[in-house]
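[1] return atomic coordinates for the entry below.
(2 chains)
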Amino acid sequence: MLGYIGKRLAMAIPILLGVSLVIFITIKIIPGDPIASLLGPTGTPESRAALESRMGLDRPLPVQYVAWLSHTVVGDFGTSIARRTDVAPMVLDALGNTLILTAAAAVLAIVLGVGIGVLTALRRNSLAARLGNAFALFSISVPQYSVGLLLIIYLAAGAGLFPVSGMYNPSSGGGVVDLFNHLILPAATAALVPAGIIARMFRSAVLDVMSQDFIEALHSRGLSRRRVMAHAFHNTVPSLLTVAGLQIGNLLGGVVFVEAVFAWPGIGLLVYQSITQRDLPVIQAGVLVSAFAFVMLNLLVDALHGLVDPRVRT
Amino acid sequence: MSELASGTGTMVTPRAERPEAGPGGAAATPAEMAPLEVTDLRTTFVSRTRRTEVVRGVSFTLRRGETMMLLGESGSGKSVTARSIMRLYGSSAEIGGQVKLGGRDLLDLPEAELRSVRGGQVALIPQDPTGALDPLRRIGSQLTEVLRVHGIEHTRRAARARAEELLRTVGIPDPARVATSFPHELSGGMRQRAVIALAVSCDPQVLIADEPTTALDVTVQAQILELLADLQHRLGTAVLMVTHDVGVAGDFGGRIGVMYAGKLVEEGPAADVLSAPRHPYTKGLLESLPTPEVERGRLRSIVGSPPGVGEFPDGCVFAPRCPQAVASCHESDPPLLRIAPGRGAACPVANPPRPVDSAEPGRAA
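    Now for the predicted structure:
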């Protein structure tokens, strides 16, 4: 088991290196001149050259990449061009906020998805199962962007049940309750699509396990229905892990929209703002940190998978 | 019921006629003599749109320690017969008739009592040992669960020790290692041994083996059959074996019930049925086997194909394919006729009535 995790960890290193290279190249390719935007309209060719050499942008690309990477691995992400402050604390704060939102959405999506999946698999013709199927279809089909806006219009601004945006209320001074109130709408919006997908995948996972021979064999040994179901659900965990891992990974990348709509101060919003400001160090750090979180999440899912299913531990 | 008992269905083998089986016998009560008595078993699969009768009035008796083979091709209803005895189809099938075990009708038992019978008194060895084991649980844990559910062992320690003992009983040389193994870590033969250990864990009276060797390598098949025969001998378990393999049926011995289209068409001691079949279907089945004497390319087969499930013709179901069929075969479905002591065949054409048979006493009991 430890060897299995070690192998996965070792495999994560080349992946992260590849990701860093892609990010670096992408930043170099995309249009937009950071020097020009830094200098503003008053820049002269001399001041331009001075700034370029100060930032190391006049050196060859491989040298720039190695310099950037060697700073990055020790947590030095440079200085924000737009805000003139250290990038690292900014990005890490934002990542923390994104993880809070992602975790809340993930819990919501898994609970809803598993509940609906079980219901629609085991009570196939009931009214509740039909409603569940309808919800799963609806949640996959509606665009997140508009759902977020509708929730803001009707539940937050209209009915006044929830705060419209942000993470804490500046006047109330924060706290867990305040955070929770701010969290509900963005988490629900972000959870919608993964909940629907998990529901459909989990439904077929349950049906698949229930149709396997060992279920009949367990019945033939005189086990109670409850015990047989415990075996069955145990056997759905590997597929649940796979689909939930993928969906949480998507959430991590996909909360950009939700963060923008609800002004949630996460990594998505930060990168989004930095793109409009051409703040390259922040964009680089933000994307890299997101990718790192994604790889770590997959590593965690793989480890859990190995823990649950002895067949993958090789 | 009485009509069935008087000759159409229930078969009587010579052992029942031994004197100690009488009402005064001290050791042998009727329940012990016949742990399993299946009478006019009918299984109909029901869905919202249609009903399909798959087993159509099967009757047989299985005595203590005895072996009965249900021999038939795919779709003949032999597996469904075996599973219907344990009521494994839940609400997807309606099961009619009677399945008497120790004086109780399994088809009438409430769910809780049925559970104690399943695994406890009647155990199943399914065809595919890989599918019969929970892939995520260790072999030992699957065994101890059954032992504790049936109240054989009450502490984890004792259950674990008993599990290893069972694994040794089924010929596993290193039970401690196998008990801590997951199913995928074992070979097919080892897996089937573990499944057999699960089946015999609660010392059942009846062991239902549904093609227990079909999924195994030929080299392992013989070992598993030997193990089953050995266990049967040691534990005194009655075995109901379902097979499509005439070779297996011949090797394992006991009695054979030949099934065709959801019915028993012939029954009797294995050696008799295989050497001197009395039903045209059994004859055709045996003639279509490749034997060393038959020249290459001259294999015989039965003309036509079995009727689709639910598309049974009036009259004898085999009549459309039968070389001996006469006009009356297409009109009424012949019952299983007693043709000799312990022999039955559902064909009046191949077995014309002789006065001696009907005059023999005690045969219709």
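[2] lowest-pLDDT helix or strand in chain B?
    helix B:2-3 (a mean of 37; mean pLDDT, DSSP states H and E).
[3] distance of A:V111 from A:L149?
    25 Å (C-beta to C-beta, to the nearest Å). For every residue, glycine as well, the C-beta is placed using N, CA and C.
[4] spell out which parts of chain A neighbour chain B.
    A:212-214, A:216-224, A:227, A:231, A:234-235, A:308-311 (C-beta under 8 Å from any C-beta of the partner chain).
[5] can we see that at 7 Å?
    Chain A comes close to chain B at residues A:212-214, A:216-217, A:219-224, A:231, A:234-235, A:309-311, as judged by C-beta under 7 Å from any C-beta of the partner chain.
[6] what subset of the residues you listed is buried?
    Among the residues of chain A next to chain B, those classed as buried by 16 or more other C-beta atoms under 10 Å in any protein chain shown are A:212, A:214, A:216-217, A:219-223, A:231, A:234-235, A:309-310.
[7] so how far does stretch B:255-275 reach from one end to the other?
    13 Å (C-alpha to C-alpha, to the nearest Å).
[8] centre of the chain to that stretch, how far?
    Relative to its parent chain, stretch B:255-275 has a centroid offset of 11 Å by C-alpha atoms, centre = their mean, to the nearest Å.
[9] buried sites along that stretch?
    Neighbour counts over stretch B:255-275 (16+ other C-beta under 10 Å) mark B:255-270, B:272-274 as buried.
[10] which of those residues fall in strands?
    Under the assignment DSSP state E, the buried residues of stretch B:255-275 contribute B:255-260, B:263-269 to strands.
[11] re the thing from before, can you pick out the most distant pair from the buried ones among the residues of chain A next to chain B?
    Pairwise distances across these peak at 26.5 Å for A:G222 and A:D309 (criterion: C-beta to C-beta).
[12] touching, B:V273 and B:G257? I think so.
    No. Look at B:V273 against B:G257 with C-beta atoms under 7 Å: they stay out of range, at 8.8 Å.
[13] so for stretch A:143-157, mean pLDDT?
    For stretch A:143-157, mean pLDDT is 81.
[14] list the buried residues in it.
    Judged by neighbour count using 16+ other C-beta under 10 Å, the buried positions of stretch A:143-157 are A:Q144, A:V147, A:G148, A:L151, A:I152, A:L155, A:A156.
[15] close to chain A: what parts of chain B are there?
    Counting by C-beta under 7 Å from any C-beta, the residues of chain B that sit close to chain A are B:86, B:88, B:115-116, B:118-120, B:124, B:126, B:128, B:131-136, B:146, B:149-150, B:182, B:184, B:198.
[16] could you flag which of the residues you listed are buried?
    B:86, B:88, B:115, B:118-120, B:124, B:126, B:128, B:131-136, B:146, B:149-150, B:182, B:198.
[17] show me those residues that map onto helices.
    Among those, DSSP state H puts B:R115, B:V146, B:V149, B:L198 in helices.
[18] number of nearby residues for A:L61?
    For A:L61, the count of nearby residues is 11 (other C-beta atoms under 10 Å in any protein chain shown).
[19] skipping adjacent residues, who's closest to it in space?
    Of all residues not flanking A:L61 in the chain, A:K28 sits nearest, at 6.8 Å (C-beta to C-beta, 6 or more residues apart in numbering or on different chains).
[20] state the distance from that neighbour to B:D272.
    Counting by C-beta to C-beta, the gap from A:K28 to B:D272 is 88 Å.
[21] got the ones in strands among the buried residues of stretch B:255-275 as a markdown table, with pLDDT columns?
    Below are those laid out as a markdown table (pLDDT from 0 to 100):
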| residue | pLDDT |
| --- | --- |
| B:R255 | 93 |
| B:I256 | 94 |
| B:G257 | 94 |
| B:V258 | 94 |
| B:M259 | 94 |
| B:Y260 | 92 |
| B:K263 | 91 |
| B:L264 | 93 |
| B:V265 | 93 |
| B:E266 | 94 |
| B:E267 | 94 |
| B:G268 | 93 |
| B:P269 | 94 |
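[22] just the closest of those to A:M11, please.
    B:M259 (55.1 Å).
[23] excluding sequence neighbours, find me the nearest residue to the closest one.
    B:G72 (3.5 Å).
[24] next, that neighbour: phi, psi?
    With angles defined as degrees, to the nearest 10, B:G72 sits at phi -180, psi 170.
[25] noted, bye for now.
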